[in-house]
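In: Predicted model and sequence follow; I will ask about them next.
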Amino acid sequence: MKTPLFEVKHVSKTYKKGKVKANEEISFTINEGEILGLLGPNGAGKSTLIKQIVAHVKPTEGEVTYKGINVLKQNKQVAREVAYYSQEPHALTSLKVREAIYFSGRLRGMKRRAAKEETESLIKELELTEVANKLLKNISGGQKRLTGIGTTLIGQAGVYIFDEPTNELDPKKRRLVWDMIQKRNREGATVILVTHNILEAEQVVDRVAVINHGRLLAINHVGELKAEVDQRLKCEIAVKRTARNELHEALTGWGTVTTLSDQRSRILIAKDQAPDLVSFLNNEPDVQTYSIVPPSLEDVYFHIDNDQSPAGGPDAKKEEVNEYAAANG
Ligand SMILES: Nc1ncnc2c1ncn2[C@@H]1O[C@H](COP(=O)(O)OP(=O)(O)OP(=O)(O)O)[C@@H](O)[C@H]1O
């Protein structure tokens, strides 16, 4: 059995004197050596949870422990052993790329020579050689992100927490960053990963925690979460824009429909429903194209979120949109 490294115990956080609930009654453990993905939409409460884990934010209720001790009581040890890549803009903008990575290593307790050697090897690995002597404020958004990855990776912390590490990166650089994260994990590091990029995360994470409206909706191994929807198939349907509403309604008879765009909807169906759905779609003149494939982690995510979201799923959202439109002309 794996050792819990962090224990999040009944954690809640409210902002603005209780008016904003960022998270509520969250409990789970993070095991040593795993890659745990935190998934959830914008404003779900992921960053707040991460900040509680690294002792930057004090929970309103509950506690987080690291190696059995409350993180707030050992924030210096947590800062030393847990490397945190935050979404917030870099504080080191008046430093050069090379200096930012080097000094991050020194702050993590590295000797000069070791910090220098690892800085050079990270600059090479992250393909930052050309901008290594430029100030952070004078490089591109993606290059800033890569520098941030370098400042996080230097010094070989035992735990890495990445909040959206691949934002703003091109596909090749995203792959590079995932590879670097997986390499550290193979060498024994524990990784916590906040991301919206579910398709990429699926290749990397061991377990996934799904968060929305500040609550933990599910936590499990990717394979087990997928098994929950494994007996289903995913059907993506493109329809003529004018016919979207009628078709959406007709499809709800088959299962939960997720609207992807004006013309595209997605539905999860039982495997044995497939032949009937195919003949229904073939006879619908407003259907432009459709595809039926096994579900991915992204579908699991939509499934969990639709089923358990306190906002009441797509119908409640539709009503809310209508109310808003009526109120605002
Ligand atoms: N310092 C703050 N003061 C007031 N409200 C806050 C503060 N930080 C976060 N919130 C609110 O708490 C909720 C959760 O925010 P949080 O940043 O944790 O979400 P998130 O899942 O990380 O979102 P995103 O994916 O957009 O980064 C949101 O409603 C947000 O507006």
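Out: Sure thing, it's come through.
In: contacts, neighbours, all on C-alpha from now
Out: OK.
In: Can you measure across stretch 248-264, start residue to end residue?
Out: End-to-end distance for stretch 248-264: 10 Å, by Cα to Cα, to the nearest Å.
In: Can you get me a residue count around the residue in the stretch 201-329 of the chain that the ligand sits nearest to?
Out: Distances between the stretch 201-329 of the chain and the ligand by Cα to the nearest ligand atom are smallest at Gly214, namely 6.7 Å. For Gly214, the count of nearby residues is 22 (other Cα atoms under 10 Å).
In: Could you tell me the model confidence score at it?
Out: If you check Gly214, the pLDDT there is 91.
In: Was I right to think it contacts Ser47?
Out: No. The criterion here is Cα atoms under 8 Å, and Gly214 misses it with Ser47 at 10.4 Å.
In: Would you agree Val57 falls within a strand?
Out: No. According to DSSP: H, G, I helix; E, B strand; the rest coil, Val57 belongs to no strand; its state is coil.
In: Which pLDDT value goes with it?
Out: 93.
In: Can you list phi and psi of it for me?
Out: For Val57, the backbone dihedrals are phi -130, psi 130 (criterion: degrees, to the nearest 10).
In: measure the nearest residue to it once chain neighbours are set aside to Val11 for me?
Out: Excluding the flanking residues, the one nearest Val57 by Cα to Cα, 6 or more residues apart in numbering is Lys51, at 5.3 Å. Distance from Lys51 to Val11, counting by Cα to Cα: 12 Å.
In: the more surrounded of those two?
Out: Val11 (21 against 15).
In: Doesn't Glu168 belong to a helix?
Out: No. Counting by three-state DSSP, Glu168 is located in no helix; its state is coil.
In: Does it touch Ser140 like I think?
Out: No. If you go by Cα under 8 Å, Glu168 and Ser140 don't touch, sitting 9.6 Å apart.
In: Tell me which of those two has more neighbours.
Out: Each of Glu168 and Ser140 has its neighbours counted (other Cα under 10 Å); Glu168 has more, 16 against 12.
In: and that one, what is it in contact with?
Out: Gly141, Gly142, Arg145 (Cα atoms under 8 Å, 6 or more residues apart in numbering).
In: Near the ligand, which residues of the stretch 1-150 of the chain are found?
Out: Within the stretch 1-150 of the chain, the positions near the ligand by Cα under 6 Å from any ligand atom are Tyr15, Lys16, Val20, Ala22, Pro41, Asn42, Gly43, Ala44, Gly45, Lys46, Ser47, Thr48.
In: one more time with 8 Å, if that's ok
Out: 14-16, 20-23, 40-49, 87 (Cα under 8 Å from any ligand atom).
In: Mind checking which of these are buried?
Out: Neighbour-count burial (16 or more other Cα atoms under 10 Å) applied to those gives Thr14, Lys21, Ala22, Asn23, Gly40, Ala44, Gly45, Lys46, Ser47, Thr48, Leu49.
In: how close does the first one sit to Asn212?
Out: Same thing as Thr14. Counting by Cα to Cα, the gap from Thr14 to Asn212 is 15 Å.
In: what does Gln74 give?
Out: 29 Å.
In: Repeat that for Leu135.
Out: From Leu135 to Asn212 the distance is 38 Å (Cα to Cα).
In: between these two, who's got more neighbours?
Out: Asn212 (24 against 18).
In: And stretch 101-110, how far out from the chain middle?
Out: 27 Å (Cα atoms, centre = their mean, to the nearest Å).
In: Just the buried residues of that stretch, please?
Out: Applying 16+ other Cα under 10 Å to stretch 101-110 flags Ile101, Tyr102, Phe103, Ser104, Gly105, Arg106, Arg108, Met110 as buried.
In: next one: stretch 23-31
Out: Asn23, Glu24, Ile26, Ser27, Phe28, Thr29, Ile30, Asn31.
In: Identify, from those residues, the entry nearest to the ligand.
Out: Asn23 (7.0 Å).
In: Test my guess that the closest one contacts Ile50.
Out: No. Counting by Cα under 8 Å, Asn23 sits too far from Ile50 to count as a contact (11.1 Å).
In: Please name every helix or strand in contact with the helix or strand that Ile219 is a member of.
Out: Assigned by DSSP states H and E, Ile219 belongs to strand 215-221. For strand 215-221, the packing partners by 3 or more Cα pairs under 8 Å, 6 or more residues apart in numbering; DSSP states H and E come out as strand 20-31, strand 207-212, helix 297-308.
In: Give the other helices and strands that the shortest one contacts.
Out: Under the contact criterion of 3+ Cα pairs under 8 Å, 6+ apart, the helices and strands touching strand 207-212 comprise strand 35-39, strand 215-221, helix 297-308.
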